[in-house]
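Enquirer: Next come a sequence and a model predicted from it.
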Amino acid sequence: MLRFYNTLRNKKEPFVPLHPEKALIYTCGPTVYDYNHIGNFRSYIFEDLLRRYLKFKGYQVTQVMNITDVDDKIIKASKAAGKDIGEYTRKYIDAFFADLDALRIERAEFYPRATEHIPQMVLLVKRLQEKGFAYTRENSVYFRLSDFPSYGKLSKIDLQGIKPGARIDLDEYGKEDVRDFVLWKGKKEGEPFWETELGPGRPGWHIECSAMSMHYLGESFDIHTGGVDLIFPHHENEIAQSEAATGRQFVRYWLHCRHLIVEGEKMSKSKGNYYTLRDLLEEGYEPQAIRYLLLSTHYRRQLNFTKEGLTQATHSLKNLGDFLLRLRQSKPVEGYNQALGKAAKEATAGMERALDDDLNISPALASLHQLVKEVNISLERGEVGEKNISEIRGALENFDRITGILPAVEEEPLDETIRKLIAERDAARQNKEYHKADLIREKLSRMGIILEDTRNGVRWKREP
RNA sequence: GGCGGCGUAGCCAAGUGGUAAGGCAGAGGUCUGCAAAACCUUUAUACACCGGUUCGACUCCGGUCGCCGCCUCCA
């Protein structure tokens, strides 16, 4: 039985979707004022695991990830760059999708942009006005918290604890109560705005997620995810404005991903430990290794992202790649290995047992490694039959469908020169002309081809 | 100050009231012309520290130290 840790109640709960067989998910996406950093990708990879696993479990998944393409930071940055916000954000939106692809993150079904859903937001604010939850000051519209008594149920925050302080946005001096939050920001000089029934202005931060999630998923849906930092105030405010408007439960399961730290410290630009995906790729790390590292720690645990960790992940991946190559090039023997058949089944079962428990990834990866080990032993003994191979492949495909970490092992056709050199060396070896054979092997190595002599003849692979 | 999380081998990381999964790295060995790969063996008198509860705690309770997070726009 699939269970998730629900922030709403701070405990693991069985996953029972609104509609059987369907899973409706909203994930807080990027604000496109800059490249995403590895912390963002930890969230996206957690959400990727979530959607992949739900699909594996047979749910028809609809995932929506918003793209915030208008906000204070974007306005500021685009002004500095002398561009309008559409032009400014395009580059980062493109980069965002390119990064997702590099990390093998599956595409969500929808990527709505805030600027393209202004009417939905206006409609939602109007509903709140009609129900008396909203008021207007200085051309901005605010949500009145005192009218929504269940405020704080997600973050368990004590409203009394929120006192006026230095952090209050100076733009929002018109609020009745400092704890109220803005739904619609009145037009200001030099800022982009939309002419709407609420007057000229732009959306507040929280309203886009409520409006777009309900637009694509309905007024009530299954899962909403994001980083832990969003619990308060963002998600709390989403709940308030959504449930106040509809009178229904907004989201059934709230899943939050813990932040990562880098080399033992909080990631920050000033500390020099702030990495975008691009930074790491430029240093020569493989995107797959980054995915592996970000995926391999449970999403609710703090992950210490280090260069050493990346190196370890790279090694793990190389070992898995060697295994896949070995499996591919192995020649099946007659018969069927019962024990191995059992092991293949147990591998998938073990993974499922682990992931059912709030996506507990570590034991899931352990069952992958256990399968690898058992297959290697059988391969060593020459006890792997045809049917075993297809069962093992099936198990591995399951792992890859869910984790997306198995290295690709396409057998690229070798060019004629290399093919000849390999044959030449093989002949030399047969004739015990080892010096000549070694020279050719070195030559191939310089060309990026690694040779391994096995009982079944020579095996080659590309240098990692 | 308020609230919360964590501290397991060189590194990463599961886990449980009855004496510690897995991965990476290391060491020794088998195989190999040599290598590589693989396999075998090995690497935590014990889970931050100090008390307590218990027949028994790494696992429960209390305290200490350390790291981290949230407390209005940061995934």
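Expert: Good, I have the coordinates. Here the structure is a predicted model, which means the values were calculated and not measured. Numbers count the residues shown, from 1 in each chain, chains lettered A, B, ... in the order given.

Enquirer: From here on, just use CA atoms for contacts and neighbour counts.
Expert: Fine.

Enquirer: Which residue would be the closest one in the stretch 151-300 of chain A to RNA strand B?
Expert: Among the residues of the stretch 151-300 of chain A, residue A:227 lies closest to RNA strand B, at 2.4 Å counting by Cα to the nearest atom of the strand.

Enquirer: Give me the pLDDT value at that residue.
Expert: What the model reports as pLDDT for residue A:227 is 93.

Enquirer: and the nearest residue in space to it that is not next to it in sequence, how far is that from residue A:132?
Expert: Leaving aside its chain neighbours, residue A:227 sits nearest to residue A:257 (4.7 Å; criterion: Cα to Cα, 6 or more residues apart in numbering). Distance from residue A:257 to residue A:132, counting by Cα to Cα, to the nearest Å: 34 Å.

Enquirer: out of those two, which sits in the busier spot?
Expert: Taking other Cα atoms under 10 Å, residue A:257 and residue A:132 do not tie; residue A:257 has more neighbours (22 against 14).

Enquirer: And that one, its phi and psi?
Expert: As for residue A:257, its main-chain torsions (degrees, to the nearest 10) stand at phi -100, psi 130.

Enquirer: Give the buried residues for the helix or strand where residue A:88 lies.
Expert: Using DSSP states H and E, residue A:88 sits in helix A:85-102. Neighbour-count burial for helix A:85-102 flags A:85, A:88, A:89, A:92, A:93, A:95, A:96, A:99, A:100, A:102 (criterion: 16 or more other Cα atoms under 10 Å).

Enquirer: and if you look at stretch A:230-242?
Expert: For stretch A:230-242, the neighbour count (16+ other Cα under 10 Å) marks A:230, A:231, A:234, A:235, A:236, A:237, A:238, A:239, A:240, A:241, A:242 as buried.

Enquirer: what does it contact?
Expert: A:128, A:143, A:148, A:151-155, A:181, A:206-207, A:209-210, A:219, A:250-251, A:256 (Cα atoms under 8 Å, 6 or more residues apart in numbering).

Enquirer: next one: stretch A:268-276
Expert: Residues lying outside stretch A:268-276 but in contact with it, judged by Cα under 8 Å, 6+ apart, are A:35, A:36, A:37, A:38, A:262, A:263, A:267.

Enquirer: burial of the nearest residue to the second one once chain neighbours are set aside, as a residue count?
Expert: Spatial nearest neighbour of residue A:36, excluding adjacent residues (Cα to Cα, 6+ apart): residue A:276 at 5.9 Å. A count of neighbours around residue A:276, defined by other Cα under 10 Å, yields 17.

Enquirer: Then residue A:262?
Expert: Close neighbours of residue A:262, defined as other Cα under 10 Å, add up to 20.

Enquirer: how close does it get to residue A:361?
Expert: Noted for residue A:262: a distance of 21 Å to residue A:361, by Cα to Cα.

Enquirer: all strands for chain A, in order.
Expert: Counting by DSSP state E, chain A has these strands, from start to end: A:3-6, A:11-14, A:22-27, A:60-65, A:134-137, A:140-143, A:181-186, A:201-203, A:221-227, A:251-257, A:260-262, A:303-305, A:449-454, A:457-462.

Enquirer: Work out the gap between the helix holding residue A:88 and the centre of the chain.
Expert: 16 Å (Cα atoms, centre = their mean, to the nearest Å).

Enquirer: What residues are bridge-paired with residue A:201?
Expert: Counting by DSSP bridges, residue A:201 is bridged to residue A:186, residue A:194.

Enquirer: ok, it - how many residues close by?
Expert: Residues within reach of residue A:201, counting by other Cα under 10 Å, total 20.

Enquirer: Next up, the contacts around it.
Expert: Residue A:201 neighbours (Cα under 8 Å, 6+ apart): A:140, A:184, A:185, A:186, A:187, A:188, A:192, A:193, A:194, A:195.

Enquirer: Farthest pair within the residues you listed?
Expert: Maximum pairwise distance in the contacts of residue A:201, criterion Cα to Cα, is 14.6 Å, between A:140 and A:192.

Enquirer: Name all residues that make contact with the residue of the stretch 151-300 of chain A closest to RNA strand B.
Expert: By Cα under 8 Å, 6+ apart, the residues touching residue A:227 are A:43, A:256, A:257, A:258, A:259.

Enquirer: Residue A:294 is in contact with the third one, correct?
Expert: No: in terms of Cα atoms under 8 Å, residue A:257 does not count as a neighbour of residue A:294; the distance is 11.5 Å.

Enquirer: so what's the residue nearest to residue A:227 scoring on pLDDT?
Expert: At residue A:257, pLDDT is 94.

Enquirer: List the contacts of it.
Expert: Residues near residue A:257 by Cα under 8 Å, 6+ apart: A:43, A:46, A:225, A:226, A:227, A:228, A:299, A:300.

Enquirer: Now do the same contact list for the fourth one.
Expert: By Cα under 8 Å, 6+ apart, the contact set of residue A:226 is A:27, A:28, A:43, A:255, A:256, A:257.

Enquirer: What subset of the contacts of residue A:201 is buried?
Expert: Using 16+ other Cα under 10 Å, the buried members of the contacts of residue A:201 are A:140, A:184, A:185, A:186, A:187, A:193, A:194.

Enquirer: Quick one: end-to-end length of stretch A:323-339, please.
Expert: Its start and end residues considered, stretch A:323-339 measures 19 Å (Cα to Cα).

Enquirer: pLDDT of it, averaged?
Expert: Across stretch A:323-339, pLDDT averages out at 90.

Enquirer: Report the buried residues of that stretch.
Expert: A:323, A:324, A:325, A:327, A:332, A:336, A:337.

Enquirer: who's in contact with that stretch?
Expert: For stretch A:323-339, contacts defined as Cα under 8 Å, 6+ apart pick out A:372, A:376, A:379, A:382-389, A:409, A:459.

Enquirer: what do you get for stretch A:207-225?
Expert: For stretch A:207-225, contacts defined as Cα under 8 Å, 6+ apart pick out A:17-18, A:23-28, A:47, A:62, A:64, A:66, A:112, A:114, A:117, A:120-121, A:124, A:183, A:238-239, A:241-242, A:246, A:248-257.

Enquirer: so what's the residue nearest to residue A:36 scoring on pLDDT?
Expert: pLDDT recorded at residue A:276 is 94.

Enquirer: Could you give the bridge partners of it?
Expert: The bridge-partner assignment for residue A:276, based on DSSP bridges, gives residue A:37.

Enquirer: any idea how far it lies from residue A:205?
Expert: 24 Å.

Enquirer: What is the distance between the longest helix along chain A and the centre of its chain?
Expert: With secondary structure taken from DSSP state H, chain A has its longest helix at helix A:307-329. Chain-centre distance of helix A:307-329: 21 Å, with Cα atoms, centre = their mean.

Enquirer: pretty sure residue A:391 contacts residue A:342?
Expert: No: using Cα under 8 Å, residue A:391 makes no contact with residue A:342, being 9.6 Å away.

Enquirer: More neighbours: those two, which one.
Expert: residue A:391 (18 against 12).
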